[in-house]
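In: quick check, what structure comes out for this input:
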Amino acid sequence: MTRSELIERIAAGAEIPPRTAEAVVHVMFDSIARALAHGERVEIRGFGSFVARKYQSRAGRNPRTGEAVQVPARRRPYFKAGKELRQRVDDTR
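Out: Predicted structure coming up:
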């Protein structure tokens with residue numbers, strides 16, 4: 001599902017104009033991104049949780065030249081599915 005498909009489904013499900021649904025989706029994603037950027041954990045009960053994980057610096061290789069390069073430490077978003085979401089996905093097989 002793409003972002004535009006999500007907006008269409010929200011608009012149809014909530015019976016609101018697509019522009020309003022688009023604003024809702026934008027605010028929701030922006031709020032999650034800002035919280036993660038500030039080191040906060042975002043938990044949506046029944047769906048899952050988002051957290052920014054810290055990754056240590058490491059030695060890597062340039063795939064084009066084979067030269068060893070140092071990959072700097074960084075933070076990346078991580079999503080862990082909640083129990084209810086895992087069960088719903090598993091039951092649809």
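In: can you tell me the closest non-neighbouring residue to residue 41?
Out: Closest residue to residue 41 apart from its sequence neighbours, by C-beta to C-beta, 6 or more residues apart in numbering: residue 51 at 4.9 Å. C-beta coordinates here come from the backbone N, C-alpha and C atoms, glycine included.
In: can you name the element that comes right after the helix or strand containing the one you found?
Out: Assessed by DSSP states H and E, residue 51 sits inside strand 48-55. Under the assignment DSSP H and E, the closest C-terminal helix or strand after strand 48-55 is strand 58-61.
In: look at residue 12 and give its secondary structure.
Out: What DSSP: H, G, I helix; E, B strand; the rest coil gives for residue 12 is helix.
In: picking up where we left off before, list the buried residues for the strand holding residue 51?
Out: 48, 50-52 (16 or more other C-beta atoms under 10 Å).
In: just curious, which of these is nearest to residue 78?
Out: residue 51 (5.4 Å; C-beta to C-beta).
In: so who does that closest one touch?
Out: Applying C-beta atoms under 8 Å, 6 or more residues apart in numbering, we find residue 51 in contact with 36, 41-42, 77-78, 80.
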